[in-house]
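Trainee: Return atomic coordinates for the entry below.
(chains A, B, C, D and E, ligands or ions: 5)
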Amino acid sequence: MSLTVRLRHAFGGFTLDVAFEAPAGITALFGRSGSGKTTIVNAVAGLMRPDEGRIVAGDTVLLDTAAGRFVPPHRRRVGYVFQEGRLFPHLSVRQNLLFGAFFAPRGAPREDLGRVVDLLGIAHLLGRRPGMLSGGEKSRVAIGRALLAAPRLLLMDEPLAALDEARKAEIIPYLERLRDETEVPILYVSHSLPEVARLATSLVAIDAGRVVRAGSTTTVLADPAAVPVLGHREAGAILTARVVRHHADGLTELAASAGPIYLPTVDAPLGATVRVRIEAHDVIIAREPPSAISALNVLPVMVTEIAEGSGPGAAVGLQAGEDRLLARITRRSVGTLGLAPGVACYAILKSTSVARRDVGAGDRAV
Amino acid sequence: MSLTVRLRHAFGGFTLDVAFEAPAGITALFGRSGSGKTTIVNAVAGLMRPDEGRIVAGDTVLLDTAAGRFVPPHRRRVGYVFQEGRLFPHLSVRQNLLFGAFFAPRGAPREDLGRVVDLLGIAHLLGRRPGMLSGGEKSRVAIGRALLAAPRLLLMDEPLAALDEARKAEIIPYLERLRDETEVPILYVSHSLPEVARLATSLVAIDAGRVVRAGSTTTVLADPAAVPVLGHREAGAILTARVVRHHADGLTELAASAGPIYLPTVDAPLGATVRVRIEAHDVIIAREPPSAISALNVLPVMVTEIAEGSGPGAAVGLQAGEDRLLARITRRSVGTLGLAPGVACYAILKSTSVARRDVGAGDRAV
Amino acid sequence: DEVVVFAAASLKNALEDVADAWHEETGGTATISFAGSSALARQIQAGAPADVFISANVGWMDTLEEDDLIIADTRRDVLANSIVLIAADPDAAPVTLEPGVDIAGLLDGGRLAMALVDAVPAGIYGKAALTSLGVWDDVAPQVAQADNVRAALALVARGEAPYGIVYATDAAAEPAVKVVATFPADTHPPIIYPAALTTGTDDPDAADFLDFMSSPAAAPLFERQGFKVIE
Amino acid sequence: MSVLTPEAWQAVALSLRVSVWATLVSLPVAILVALLLARGHFWGKSLLNGLVHLPLILPPVVTGYMLLILFGRRGPIGSVLAEVGIVFAFNWTGAALAAGVMAFPLMVRAIRLSIEAVDPRLEEAAGTLGASRIATFAVVTLPLIVPGILAGAILAFAKAMGEFGATITFVSNIPGRTQTLPSAIYAFLQVPGEEGAALSLVAVSVAISMGALIASEILAARIARRIGR
Amino acid sequence: MSVLTPEAWQAVALSLRVSVWATLVSLPVAILVALLLARGHFWGKSLLNGLVHLPLILPPVVTGYMLLILFGRRGPIGSVLAEVGIVFAFNWTGAALAAGVMAFPLMVRAIRLSIEAVDPRLEEAAGTLGASRIATFAVVTLPLIVPGILAGAILAFAKAMGEFGATITFVSNIPGRTQTLPSAIYAFLQVPGEEGAALSLVAVSVAISMGALIASEILAARIARRIGR
Ligand SMILES: Nc1ncnc2c1ncn2[C@@H]1O[C@H](COP(=O)(O)OP(=O)(O)OP(=O)(O)O)[C@@H](O)[C@H]1O
Ligand SMILES: Nc1ncnc2c1ncn2[C@@H]1O[C@H](COP(=O)(O)OP(=O)(O)OP(=O)(O)O)[C@@H](O)[C@H]1O
Ligand code: MOO
Ligand SMILES: [Mg+2]
Ligand SMILES: [Mg+2]
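Mentor: Ligands and ions are numbered 1, 2, ... in the order given. Below is the predicted model of the structure:
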């Protein structure tokens, strides 16, 4: 199932005017504070009636202002994780979690309460009321509530913002499974590019109410020209690789199209395909193969393009076998190394610089 | 001025029992969701009366349960950025911002409204009511409100969680200046270790209501044994360096005690001392000086200690001149490179892997 | 200068006419507060600035006299009234009120509307009359007691109750009811409106108003409203 | 307190019955009307609002007359209801109707204020979770306004215990059928020297209402704690 | 509507004056009491709450008598106040007192409900920003409960416009001095043939109160929009 969104709406000084397609899987809405992400999500949920627009989920028209069609929120069956919680204060955590399930149609595919509760680490909170929870506990319950509503469409507005890295690392694989094993499209608002890169099938970058970049996550992230839009620090491409061996010292050997790479244990069976996000600033380029170095991964690559920004840095697109890599190096190094499109060189990646959260389960849509 | 906190409090299943010292500057409270950070901050603000405890700010006793002393919140003059906003819905953004200033004593050193508003990018919102703001806009107003209250003590509970990287990058230098130019101690709750490393003078790691690690940020972060507590991905030490030259190609040359390093433009005058956080996973160790490589920074270092965890990684403490570095490499590399305490080698750092947000203004307390 | 008169509410129209006439004649002004006799009496007990009190029953006047709140030798009985049996049905047959009269049968399961039989004068008189006719015990369960006569009258006029007992003055003014009998004067204590000056009065006009009220000049004004004037 | 006469006890029992019924029966209607006034946008809303407040604005006697005219045996509504066996005239049900009508504006206002205080974003959240507007009302709004409903109910009960003017005008005072405590008290106050009897009844009335009041406060506090306020 | 007599206009003017004063003067007291009941924890809170509700529980006539006994010229409070020149007995101020007392529970309840609906976390926030409890009340709580205050005030005004029993019992029915609209209506209803006159007064009363009601609704809606609900 996919989601088509076209909206135009004006608030006082702010105008939203967007159109995008969200295929099955996770579509990230990425953009600065106040750029209009929540407004889009609200419109999809039916909580906001835009001045003009059309929203279609699969073959159901949820909104069509031209045709005067507006499906009320409770018939849309979206699971919405609100940016600000909105837990029911008079219900226990358990009742909050089961709220949506109660209203879901009988046959709807349903998540198991126990599984979700364990995943979110909220088993000890089930009897409490939301007023007695910490900030992060509240947001975990809110995630659980949406997941358990048997939704046809998940809307998650910065669901992990209040959570610590360890907790995020537990929830993200679950969202990956959801992405890969169910048909439920997910609109995912986030400020965190690593999160987006890891999770999102496609990415819609919003700025001041307009779509400035949209497409499959791999394509957008590997595009040196997108670097300024997404933020320098966050740039990085995605490599697809197959699990070859789990070594005794805790490293997993993967076969990428450009050669073997070694990563800290990847939690995937032999033969599985995984997505590895390589942040652009983690890639070192060398003209000669380096020796006696702690970085285990050295891949032969070829420069495809170089995008120089206004600052001291440059984004270098690299072809690594069939995959693309992105390296962010200084303009000075571009000069001293004599890099130019077509030049063959080596990309050096540290094993440990690929954090676990940047290794995701393979995504069908890629 | 410094802050001494000792608290014991029991909620149903959760017991908080902490004691720590927050010197002038920023003290980060770092810990997982539900570990008790907000509870501590609330106690300091006077919004929660712990079962037992003593809180002293400078020479003012704010709380002493043994002596029956409890200073009510409005006499504490804390500027509190709440985890959940708490803007006054009936007041405009401007009125919200000026709320604290109105009640501040006449002579109190006061921030300038215009400056704070510009910093937070909320000038166009001044006439609005909070109900019409986006999530991130709300949290920016909440930050402004606390800053403008002429507080003697700032409490910030995940103030930047809802903000995009670009906005964070604008606010962080401001907080640094606050840290360095004023006497106001800041208790800063955050899940983000880069943020903490960059900002915090000292760090208090909380787990399940207990302090598990506390001390100056540089010491705690450079301690290989602290890596598991803080999270692998986030480990990294802090290097202190002096600005030597701003090069024409946008790089700034810094003098660290171990040698020159080149970073993308550092926004500090010549001669200034800056703090540079070097994430452990960004450090590559080589036994021989590498050549023809895009990384500009190669420092001669010596291994001081090696902490091997349960996983495939190892944290290697390095002495770099007078500074300490932390490198996170694979155990396999420790073996192949023959690393051991006392071994001399080279640390390779990419210029671009040190993101701007990891370069902070020098902190007197370091 | 202004004479304040506390008067039973049922006197409203008549007494206002009297006050106008008095004004024409003497130029004096009477301000009249109409309310239930009990309320007025209690207010006088509490020091109300009344110069003249006109009660709808003797009991409250007696109470004030005992308390020395009225000037005893100015007390006089001004008006008399009678009570009547009224019917809602314009074609109702006249009833002869003799001992043992079958009022319960007349009601045929309906209600007999009266004012409060133990509290409000019209009700007290009605109860006394029915008792002396020997039928009170039969009728009592059928009685609906209103808080004042006008409300009892309304119950009959609206057809809620087939019969009722009210003052002749009220019945006369309501075309929607038919008077089917007048209670003989000997079946109940005399229905008398006593009037007196209060001890608190310091207004010389008050005595003048009281006298005017009981003078022949005022008589037609009361009679027009159906009251009997006591000479 | 002097010992009460059997008739006085009858009045006590009847007042209780009347007040409880007046409160319980008008409560759902009041909730509905409060909901319409708080959240509805419809033509005639001002009119409805005015109508609800009418018994407050009018002297009780006038309200009593109006009830008599509308709900009496011959009244346009009363005559229709009589056919289905509902009789208000001279019946305790009529006393309950009068008390209910007089208390209605108080109940509606309390409930309406509570509804207006419910965060509409919670109702939106319920909507996204599949709850229809009615279901949302039942499982989100209603539980959240329980304190307001309780406040409205106790106001109504207290008012019903004290209502006199409209009741006696509408259903008069028939001992054992329509003689409520206030009617009995009023009757005692009309005659000299019966203040003592009136006072005993006042004491009983106050005792009952205070009991109800305290019970409602305790209940409200418990509920508020549950809701997490 | 038939043209009103000068006396009737007097009653209209007096009722307006009485109701406005009753509302305005009791408002601050009601806010204070509501605040105590909503947020206070003190001995005797139940008692205060009961006392506030008393005028609702008691038949109005009883309340009127109590006022007469306490605030009359010879009453324990009335005689003391008389020495400083405040006279309630048989004065329009007494009518305002009666109306205020009768309306007080309604006003307190509305305001109390609003206070209870204010998120205490906002008040905490004000505290951390240096506002004392009183200042917090003035700049945070009070503005947030304006809708409730308005609701309480309009309830009180409407009730004051309709109050009869306690007023006539306390200050009698002296034209131009204590004769309010409801008393005048009552007087007209006591004599045959004056229903028309009574009805005109009812119409005037309803018109005034409805006007006030609509104005308050419009104002409340505007305020609610400002508060951002
Ligand atoms: N009123 C309460 N009653 C019972 N338990 C509470 C209450 N408030 C907080 N807790 C519990 O105390 C613990 C600490 O809460 P606190 O809000 O301090 O956490 P935190 O460290 O700020 O977490 P987060 O990062 O999620 O905001 C949590 O386990 C929470 O469930
Ligand atoms: N009710 C409203 N009235 C006027 N402007 C509004 C209203 N709601 C939102 N806005 C404005 O619309 C813009 C987009 O808001 P939106 O909530 O969609 O932002 P966002 O992308 O979700 O931001 P954030 O990351 O801060 O949550 C903002 O500039 C906001 O100020
Ligand atoms: O409206 Mo009343 O005067 O309490 O019955
Ligand atoms: Mg948002
Ligand atoms: Mg917290």
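
Trainee: Got the confidence number for the closest residue to residue A:117 other than its chain neighbours?
Mentor: For residue A:117, ignoring the flanking residues on the chain, the nearest one in space by CB to CB, 6 or more residues apart in numbering or on different chains is residue A:123 at 5.0 Å. For glycine as for every other residue, the C-beta is placed from the backbone atoms N, C-alpha and C. According to the prediction, residue A:123 has pLDDT 92.

Trainee: neighbours of residue A:123, just the number please.
Mentor: 10 (other CB atoms under 10 Å in any protein chain shown).

Trainee: got the phi/psi numbers for residue 222?
Mentor: In the absence of a named chain, this looks at chain A. Note on residue A:222: backbone dihedrals following degrees, to the nearest 10 are phi -90, psi 0.

Trainee: I was thinking of chain D, sorry if that wasn't clear
Mentor: According to degrees, to the nearest 10, residue D:222 has phi -60, psi -40.

Trainee: and what of residue C:56?
Mentor: According to degrees, to the nearest 10, residue C:56 has phi -90, psi 0.

Trainee: who touches it in this structure?
Mentor: Residue C:56 sits next to C:8-11, C:37, C:121, C:193 when contact means CB atoms under 8 Å, 6 or more residues apart in numbering or on different chains.

Trainee: Leaving out sequence neighbours, find the closest residue to it.
Mentor: Residue C:56 sits nearest to residue C:8 (CB to CB, 6+ apart), 3.4 Å away.

Trainee: can you pull the contacts of the one you found?
Mentor: C:34-37, C:40, C:54-56, C:193.

Trainee: Next: residue C:83.
Mentor: Residue C:83 neighbours (CB under 8 Å, 6+ apart): C:122, C:125-126, C:129, C:165-168, C:182-183, C:188, C:191.

Trainee: Restricted to helices, list the residues you listed.
Mentor: Those of those mapping onto helices are C:122, C:125-126, C:129, C:168, per DSSP state H.

Trainee: before we move on, back to that, switch the contacts of residue C:83 over to a markdown table; also include pLDDT, distance to chain E and neighbour count.
Mentor: Formatted as a markdown table, the contacts of residue C:83 follow (pLDDT from 0 to 100; distance: CB to the nearest CB, whole Å; neighbours: other CB atoms under 10 Å in any protein chain shown):
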| residue | pLDDT | distance to chain E | neighbour count |
| --- | --- | --- | --- |
| C:122 | 89 | 12 | 27 |
| C:125 | 92 | 17 | 25 |
| C:126 | 94 | 18 | 32 |
| C:129 | 94 | 21 | 22 |
| C:165 | 95 | 16 | 30 |
| C:166 | 93 | 10 | 33 |
| C:167 | 91 | 10 | 27 |
| C:168 | 90 | 11 | 19 |
| C:182 | 93 | 17 | 14 |
| C:183 | 94 | 19 | 22 |
| C:188 | 92 | 21 | 20 |
| C:191 | 92 | 16 | 23 |
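
Trainee: Which of those sits closest to ligand 1?
Mentor: residue C:122 (66.6 Å; CB to the nearest ligand atom).

Trainee: From what I see, that closest one and residue C:128 are in contact.
Mentor: No. In this structure residue C:122 lies outside contact range of residue C:128 using CB atoms under 8 Å: 10.9 Å.

Trainee: By average pLDDT, which secondary structure element in chain C comes out worst?
Mentor: The helix or strand of chain C with the lowest confidence, counting by mean pLDDT, DSSP states H and E, is helix C:168-173 at a mean of 86.

Trainee: Give me the residues contacting that one.
Mentor: Helix C:168-173 has contacts (CB under 8 Å, 6+ apart) with C:10, C:81-84, C:86, C:149-150, C:153, C:177, C:179, C:182, C:225-227, E:191-193.

Trainee: ok, is stretch D:188-207 in contact with ligand 3 or not?
Mentor: No. Counting by CB under 6 Å from any ligand atom, no contacts exist between stretch D:188-207 and ligand 3, the nearest distance being 13.2 Å.

Trainee: May I have that stretch exported as PDB, CA atoms only?
Mentor: Below are the C-alpha coordinates for stretch D:188-207, written out as PDB (Å, rounded to 0.1, in the frame of the first residue of the first chain):
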ATOM      1  CA  PHE D 188     -44.700  26.300  59.700                       C
ATOM      2  CA  LEU D 189     -43.200  29.700  59.100                       C
ATOM      3  CA  GLN D 190     -46.600  31.200  58.100                       C
ATOM      4  CA  VAL D 191     -48.100  30.800  61.600                       C
ATOM      5  CA  PRO D 192     -46.900  32.600  64.700                       C
ATOM      6  CA  GLY D 193     -45.100  30.400  67.200                       C
ATOM      7  CA  GLU D 194     -44.200  27.500  64.900                       C
ATOM      8  CA  GLU D 195     -40.600  28.500  64.300                       C
ATOM      9  CA  GLY D 196     -39.400  25.600  66.400                       C
ATOM     10  CA  ALA D 197     -41.000  23.100  64.200                       C
ATOM     11  CA  ALA D 198     -39.700  24.800  61.100                       C
ATOM     12  CA  LEU D 199     -36.300  24.800  62.600                       C
ATOM     13  CA  SER D 200     -36.300  21.000  63.200                       C
ATOM     14  CA  LEU D 201     -37.100  20.500  59.500                       C
ATOM     15  CA  VAL D 202     -34.500  23.000  58.500                       C
ATOM     16  CA  ALA D 203     -32.000  21.000  60.500                       C
ATOM     17  CA  VAL D 204     -33.000  17.700  58.900                       C
ATOM     18  CA  SER D 205     -32.800  19.300  55.500                       C
ATOM     19  CA  VAL D 206     -29.400  20.700  56.200                       C
ATOM     20  CA  ALA D 207     -28.100  17.500  57.600                       C
END
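
Trainee: Any residue of that stretch touching chain E?
Mentor: Yes. Stretch D:188-207 lies within reach of chain E by CB under 8 Å from any CB of the partner chain, at D:189, D:198, D:202, D:205-206.

Trainee: all strands for chain C, in order.
Mentor: C:2-8, C:29-35, C:52-54, C:76-80, C:83-87, C:112-115, C:143-146, C:163-167, C:178-182, C:192-197, C:228-229 (DSSP state E).

Trainee: quick one: the first one to strand C:76-80, angle?
Mentor: When you say that, I think you mean strand C:2-8. Taking axes from the mean of the first three to the mean of the last three CA atoms, to 10 degrees, one finds strand C:2-8 and strand C:76-80 inclined to each other by 50 degrees.

Trainee: could you give the angle of strand C:2-8 to strand C:29-35?
Mentor: Going by the same axes, to 10 degrees, strand C:2-8 makes 30 degrees with strand C:29-35.

Trainee: residues from chain D in reach of chain A?
Mentor: Residues of chain D found near chain A (CB under 8 Å from any CB) are D:121-122, D:124-133, D:135-136, D:139-140, D:143-144, D:226-229.

Trainee: quick one: the nearest residue to residue A:344 once chain neighbours are set aside and residue A:223, what's the gap?
Mentor: Sequence neighbours aside, residue A:302 is the residue nearest to residue A:344 in space, at 5.2 Å (criterion: CB to CB, 6+ apart). Distance from residue A:302 to residue A:223, counting by CB to CB, to the nearest Å: 17 Å.

Trainee: Tell me which of these two has more neighbours.
Mentor: For residue A:302 versus residue A:223, neighbours defined as other CB under 10 Å are more numerous around residue A:223 (21 against 16).
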